[in-house]
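Peer 1: sharing a model that was predicted from the sequence below.
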Amino acid sequence: MPLMIIDASYRIEVANDPAKELLGANIEGQNAVTILRQAATLAAIDAAIRDGQEGQARFMLAGVAGEVIYMFHARPLPNGAGAVLSFEDRSQAEESEMIRRNFVANISHELRTPLTSLMGFIETLRGPARKDEAARERFLQIMEQEANRMSRMVSDLLSLSRVEADERIRPRQSVNLCAVLRSVVATLEGKLKDANVAVQTSGLEQRAKIAGDRDQLIQLFLNLIENAIKYGGQDCTVHIAVCEIKRDPTLRMSAWRVDIQDEGEGIDQIHLPRLTERFYRVDDDRSRQKGGTGLGLAIVKHIVNRHRGRLKIQSEQGVGSTFSTIFPKEDF
């Protein structure tokens, strides 16, 4: 933690290495007012030196990766001899709080629309449409869709919470990625048939062994293949390929790579870095129409992280998108 001691005239007598790294190597002997400058910080120092009371304030510095926020404390020394100044890095805590606030705001926004619709239809069914059988049937169908949407949202939120809780626990079970993929494709046979989407596979006959959590891997590939079906369009093909990588440059070891490719419209490059953010959608209306919650790729990202792998997304507009998951290869 950066620490400094100043005398009653605000001169910096002693500064530790973190303080010098934060404010400059030659700060000892200089006046703290010229170094710190921010009004709230100087007021906290005044409270310590003039009034003998502990003062604190937010202290902000522009860093390479953005603004860094510190909680600044000024504690008086005995007999008005000066003050001890400390800087507590609060950037991570404030970022976490901001993420929490955004998360709550997003959930509220996502659930407000279907709830408003349900309340409106219930009021209509109790009133003007009480005896209108055709309207009642239409409204009940829409209400069912909105209720299903909320159910999917709650289910994905619970899934996200579970995978986040497990993310630091490394899975130890031996899992064959190809067997998982074959199982997932069989599970989605009905959806593939309804959408008139074909599946072309390559390399699924291999024994692609990794240390993994089978249930989470099934969830991961269900999400990715369902997305390929939804956004690839009808009468198209979803391509699934598994290949062995002798040495992945990022993982620095041999690995298995699974590519899931659609033949959809593709995604503008500007969106790719944010696709795994919670509730981020390229097209809100289209995503909701197709039953998307905006949480699927966030779940995928956390599952990949838990398996010490990496997720790679490539897309070209008018051609399609490829979602690649790369997992460390392990021998059992």
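Peer 2: Nice, I can see it. As the structure is a computational prediction, the values presented were derived from the model and not from experiment.
Peer 1: from now on I want contacts and neighbour counts done on CA atoms only, so please keep to that.
Peer 2: Fine.
Peer 1: pretty sure Trp256 contacts Ala241?
Peer 2: No. Here Trp256 lies out of contact with Ala241, judged by C-alpha atoms under 8 Å, at a distance of 10.4 Å.
Peer 1: the two: who's more crowded?
Peer 2: Set side by side, Trp256 and Ala241 show unequal neighbour counts under other C-alpha atoms under 10 Å, the larger going to Trp256 at 22 against 17.
Peer 1: quick one: the strands in the chain, in order.
Peer 2: 3-7, 12-15, 55-63, 66-76, 82-89, 174-176, 198-202, 209-211, 237-248, 253-261, 310-316, 320-328 (DSSP state E).
Peer 1: which stretch in those has the least confidence?
Peer 2: Mean pLDDT values for these show the minimum at strand 55-63, a mean of 84.
Peer 1: poorly predicted segments of the protein, please.
Peer 2: Scanning the chain with the threshold set as pLDDT under 70 gives 63-66, 283-292, 331-332.
Peer 1: what segments of it are helices?
Peer 2: Counting by DSSP state H, residue ranges of the helices within the chain are 17-23, 32-36, 39-50, 91-126, 133-166, 177-187, 189-194, 214-232, 284-289, 296-306.
Peer 1: hang on, the earlier thing: okay if I get the strands of the chain as CSV plus distance to Asn26?
Peer 2: Conversion of these to CSV gives the following (distance: least, C-alpha to C-alpha, whole Å):
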stretch, distance to Asn26
strand 3-7, 13
strand 12-15, 9
strand 55-63, 18
strand 66-76, 20
strand 82-89, 17
strand 174-176, 56
strand 198-202, 63
strand 209-211, 52
strand 237-248, 45
strand 253-261, 45
strand 310-316, 43
strand 320-328, 47
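Peer 1: sorry, back to before: and of the helices of the chain, who's closest to Gly266?
Peer 2: Taking C-alpha to C-alpha as the measure, the helices of the chain were each checked against Gly266, and helix 214-232 came out nearest at 8.6 Å.
Peer 1: pull the CA atoms of that closest one into CSV?
Peer 2: This file holds the C-alpha atoms of helix 214-232, laid out as CSV (Å, rounded to 0.1, in the frame of the first residue of the first chain):
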residue,chain,number,x,y,z
ARG,A,214,-19.5,-33.5,-18.8
ASP,A,215,-22.7,-31.7,-17.8
GLN,A,216,-21.1,-28.2,-18.3
LEU,A,217,-19.6,-29.3,-21.6
ILE,A,218,-23.0,-30.5,-22.8
GLN,A,219,-24.5,-27.1,-21.8
LEU,A,220,-21.7,-25.3,-23.6
PHE,A,221,-22.2,-27.1,-26.9
LEU,A,222,-26.0,-27.0,-26.6
ASN,A,223,-25.7,-23.2,-26.4
LEU,A,224,-23.3,-22.9,-29.4
ILE,A,225,-25.1,-25.3,-31.7
GLU,A,226,-28.6,-23.9,-30.8
ASN,A,227,-27.2,-20.4,-31.7
ALA,A,228,-25.9,-21.8,-35.0
ILE,A,229,-29.4,-23.2,-35.7
LYS,A,230,-31.2,-20.0,-34.7
TYR,A,231,-28.9,-17.5,-36.5
GLY,A,232,-27.8,-19.7,-39.4
